[in-house]
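Asker: here is a sequence together with a model predicted from it:
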Amino acid sequence: MKAAARALRQIRAGITRLREPRATEPTQRVLFVCMGNICRSPTAEGVLRGKLQHAGLGAHVAVDSAGTLGAHAGEAPDARAIRAAARRGYDLSTLRARQVQAIDFERFDWILAMDSANLDWLRGRAPEASGSRLGLLLDHADPALLGGSDAEVPDPYYGPEAGFERVLDLVEAGCDGLVLRLANPWAPPAPLNRR
């Protein structure tokens, strides 16, 4: 417990490299979900992976993404998402879309949707005995960083390239809070589903 509290203090103090725990298997698993798994959720996957590596937690948290629809299965993320992420140092180029599967509710500790429509879809398919924590990514963000927007990451697919930058702003805010939560799994749960 003392080690977790110390790690949280170090992260809050801006110390970016934590001592690696000895575990070789991930101790926590996170799945991000949007509709097609080509814009928002792969962006969140790439951002969280980068932030976990930076915090020294990359080997201890498994991260994946999926879509509620399978129309883009096997495809790379949208080229605009790849370009926007690359400008901030995140590599999405190797990611491939997939659809959420029933086994995901058993494999992942956290299943975080980008918006309420996808969260509702997940809730409708989650088995009652699922141990996964379902919620919205932005429930983990500092509200002051959201710039007055609600707790949803908007779909940038049909809009201009600037929409992908806004997605990155929101996803980074959510992932910052999520890294703190993952670094201290003994802390009281973050309030999920503000609605």
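Answerer: Nice, thanks for sending it over. Residues are numbered from 1 along each chain as shown.

Asker: and the strands in the protein?
Answerer: 28-34, 61-67, 110-113, 133-136 (DSSP state E).

Asker: name the helices or strands packed onto the first one?
Answerer: Judged by 3 or more C-beta pairs under 8 Å, 6 or more residues apart in numbering; DSSP states H and E, the packing partners of strand 28-34 are helix 40-54, strand 61-67, helix 104-107, strand 110-113, helix 116-125, helix 162-183. For the C-beta atoms, the positions are set from N, CA and C on the backbone; glycine is no exception.

Asker: of all the ones you listed, which lies closest to Gly131?
Answerer: Gly131 lies closest to helix 104-107 among the helices and strands packed on strand 28-34, at 7.6 Å (C-beta to C-beta).

Asker: packing partners of the closest one?
Answerer: strand 28-34.

Asker: what pairs with the strand it packs on, and is each one parallel or antiparallel?
Answerer: Using DSSP bridges, the strands paired with strand 28-34 are strand 61-67 (parallel), strand 110-113 (parallel).

Asker: now those strands in CSV, with mean pLDDT, mean neighbour count and distance to Arg80?
Answerer: As requested, the strands paired with strand 28-34 are exported to CSV (pLDDT from 0 to 100; neighbours: other C-beta atoms under 10 Å; distance: least, C-beta to C-beta, whole Å):
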stretch, mean pLDDT, mean neighbour count, distance to Arg80
strand 61-67, 98, 23, 16
strand 110-113, 98, 26, 21
